[in-house]
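K.L.:
Prediction below, plus the sequence it came from.
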Amino acid sequence: MKKIILGFLLFAGLTANAQSTQNQFSLNFLIPSAEYEVALSDLTSLDLMLGFGFGYHDAEYLEEPEYGVFPQFAAQYRYYYNFDKRIEKGKKVSENSGNYIALAAVLGSGEAIIGDMENDLTGFVGPTWGLQRVYNSNFKLNLNLGAGLGFNDQGDKYFAPLIDIQLGFKLGKE
């Protein structure tokens, strides 16, 4: 009986560990940034990113649309909702490979490094949906889509879509 209970606990521990979020550090190269994802519970994490972001502004009061690449900080509280389904299909869930919903906040500041956007501060707050995959080669793909409140240093508030594609590599071991 003790062996059965011990075996069950060991199996339950391995299963729970396979479905848990993990801490990980990655470097993204599509638009350069460094990212650290901190596991908060089995299915939640806090993702912090420091790097560069791309902004586009097509407001009615502008003669021409503006765009810019500028320094950016982003944070997301993520809830991974499909680990069990991926495990049932024999797919990878380690290294936070799964789909998630999140609350995102993004702040961009400084003069545009590339482009003509003239804001000193831009931001976004809102819900997002995403998928993240980390492959055996440590190549990382993250797609993040959302919509929410955009704002800038001029006091403008507006509806803003969020489209975030990250390509990079996870550093370190599992």
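P.N.:
Received, thanks.

K.L.:
what are the C-alpha coordinates of stretch 108-116, in CSV please?
P.N.:
Taking Å, rounded to 0.1, in the frame of the first residue of the first chain, the C-alpha atoms of stretch 108-116 are listed here in CSV:
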residue,chain,number,x,y,z
GLY,A,108,7.6,53.8,-24.6
SER,A,109,9.7,56.8,-24.0
GLY,A,110,12.4,59.0,-25.6
GLU,A,111,12.9,60.3,-29.1
ALA,A,112,12.3,57.9,-31.9
ILE,A,113,15.5,56.2,-33.0
ILE,A,114,14.0,55.5,-36.4
GLY,A,115,11.0,57.3,-37.7
ASP,A,116,9.2,60.6,-37.2
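
K.L.:
quick one: it to chain centroid distance?
P.N.:
Between the centre of stretch 108-116 and the centre of its chain there are 22 Å (Cα atoms, centre = their mean, to the nearest Å).

K.L.:
now do stretch 72-80
P.N.:
Per Cα atoms, centre = their mean, the centroid offset for stretch 72-80 relative to its chain is 5 Å.

K.L.:
Check stretch 32-52 too.
P.N.:
On Cα atoms, centre = their mean, the centre of stretch 32-52 falls 7 Å from that of its chain.

K.L.:
What residues of the host helix or strand of L143 count as buried?
P.N.:
L143 belongs to strand 139-152 when elements are defined using DSSP states H and E. By neighbour count on 16 or more other Cβ atoms under 10 Å, the buried set for strand 139-152 is 140, 142, 144, 146, 148, 150-152. Just so you know, the C-beta spots here come from the backbone N, C-alpha and C atoms, and that holds for glycine as well.
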